[in-house]
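In: Got a predicted model here, sequence first, then my questions.
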Amino acid sequence: MMAHNTDPHREPEAPAAHASGSLQPDTPETAVPVMPAPESVHRWLDGEQIPPAELGTADAEKHVRFWAKVNQETERRHRVHTPRGLDAIIMEKLDAPVVKDD
Amino acid sequence: MKTQPRTPAADAADTVSDEEIIERILAGHRESFRLLVTKYSDPLYRHALGMTGSPDVAEDILQVSFIKAYQHLGEVRGRFDAWLFRILANGCKDWLKNIRRTHVSYEEDDQPSHYANPDEDLDRGELRDDLDAALQTLPATLREAFVMKHVEGRSYEEMAELLNTTVGALKMRVHRAREALQALLEEKYS
């Protein structure tokens, strides 16, 4: 098994931190090249109902065509399942029963 | 990857609350943990796969996350699913940090042989690989937001709760991620 976060001093602390709602600090968002899309396209991708006229402009159309292709792939990924048998592997690796801490 | 049929464990996990399952486990019924694994493994696996691009790494992170959750189950406060998600999300970020620190490139590590399906046509396979490669170039926060929105299909409200941030901030991240991905892929897929 891959050993992520194996520092013995850190490991017990991590879940407690998560439990209090703390995620790791965000990675700085360094400048990445972008291709700005019309707001109507973003709202469409966010699942809003957009009047066809708004998505039919020359500028919006190319974005819609592009995202229609990409969405086929993301929708397929949405249907991916955990590999068969992984639950059994996890159950085998569990330690002795845990005890409530309070 | 083939779709798995619903199992009795999955049905049972849907009818019992997480709190009740956790109570059973803490009372010594270790096997009840399987209900939580069954209930949450698919969405968490998708997240890890989207973040790392590697099915092997995603499996490992999923395993480690569930084991860690089991070991610290007595510390759960609030929603178990959000707590578990954060363990996994941090595991993904740890992996990304380590892989950058050691200068192991995406290409040199696990090739994304995932989603392999011989029946898929070449174009779709190409888009799959290109999207993976493009996602790898995004900062972790943008990739995380895009994967949660577009691959996991979560609402902004749910994402905000899981990531402990605002809907507005997440919309901005998703929008930036889309625009960055399109800049990378537009020439080939416009």
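Out: Thanks, I have it.
In: Now do the strands for chain B: every range, in order, please.
Out: Read by DSSP state E, chain B holds no strands at all.
In: Output the below-cut-off pLDDT ranges for it.
Out: B:1-13, B:100-124 (pLDDT under 70).
In: Spatially central residue for it, please.
Out: Centroid-nearest residue in chain B: residue B:47, 1.2 Å away (criterion: Cα atoms, centre = their mean).
In: Distance of that one relative to residue B:86?
Out: Look at residue B:47 and residue B:86: by Cβ to Cβ, to the nearest Å, they are 11 Å apart. Where C-beta positions appear, they are placed from N, C-alpha and C, glycine not excepted.
In: in chain A, which segments are predicted with low confidence?
Out: Low-confidence segments of chain A, defined by pLDDT under 70: A:1-31, A:95-102.
In: Run through the helices of it in chain order.
Out: Remark: helices assigned in chain A by DSSP state H are A:13-19, A:39-45, A:52-55, A:58-78, A:86-93.
In: Does the third one reach chain B?
Out: No: contact check for helix A:52-55 against chain B, using Cβ under 8 Å from any Cβ of the partner chain: none in range, with a minimum separation of 14.9 Å.
In: and that helix, what other elements does it pack with?
Out: Counting contacts by 3 or more Cβ pairs under 8 Å, 6 or more residues apart in numbering or on different chains; DSSP states H and E, helix A:52-55 is packed against helix A:39-45, helix A:58-78.
In: Of the ones you listed, which is nearest chain B?
Out: With Cβ to the nearest Cβ as the criterion, chain B lies closest to helix A:58-78 of the helices and strands packed on helix A:52-55, at 4.4 Å.
In: what comes up buried for the closest one?
Out: Buried residues in helix A:58-78, counting neighbours by 16 or more other Cβ atoms under 10 Å in any protein chain shown, are found at A:60, A:62-64, A:66-67, A:69-70, A:73-74, A:76-77.
In: closest to residue B:157 among these?
Out: Nearest to residue B:157 among the buried residues of helix A:58-78, counting by Cβ to Cβ, is residue A:74 at 19.8 Å.
In: Burial check on the residue nearest to that closest one when sequence neighbours are not counted, number of neighbours?
Out: Spatially, and ignoring its direct neighbours in sequence, residue A:74 is nearest to residue B:150 (4.4 Å; Cβ to Cβ, 6 or more residues apart in numbering or on different chains). Neighbour count of residue B:150, defined by other Cβ atoms under 10 Å in any protein chain shown: 24.
In: Residue A:71 is in contact with residue B:150, correct?
Out: Yes: between residue B:150 and residue A:71 there is a contact under Cβ atoms under 8 Å: 7.5 Å.
In: Next up, the contacts around the residue of chain B most remote from its centre.
Out: Distance from the centre of chain B peaks at residue B:27, with 29.6 Å (Cα atoms, centre = their mean). For residue B:27, the contact set (Cβ atoms under 8 Å, 6 or more residues apart in numbering or on different chains) is empty.
In: From residue B:73, how far off is it?
Out: From residue B:27 to residue B:73 the distance is 11 Å (Cβ to Cβ).
In: Next: residue B:58.
Out: 23 Å.
In: shouldn't residue B:67 be in contact with residue A:94?
Out: Yes: between residue B:67 and residue A:94 there is a contact under Cβ under 8 Å: 6.4 Å.
In: could I get the helices and strands packed on helix A:52-55 as TSV with distance to residue B:162?
Out: Converted to TSV, these look like this (distance: least, Cβ to Cβ, whole Å):
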stretch	distance to residue B:162
helix A:39-45	20
helix A:58-78	17
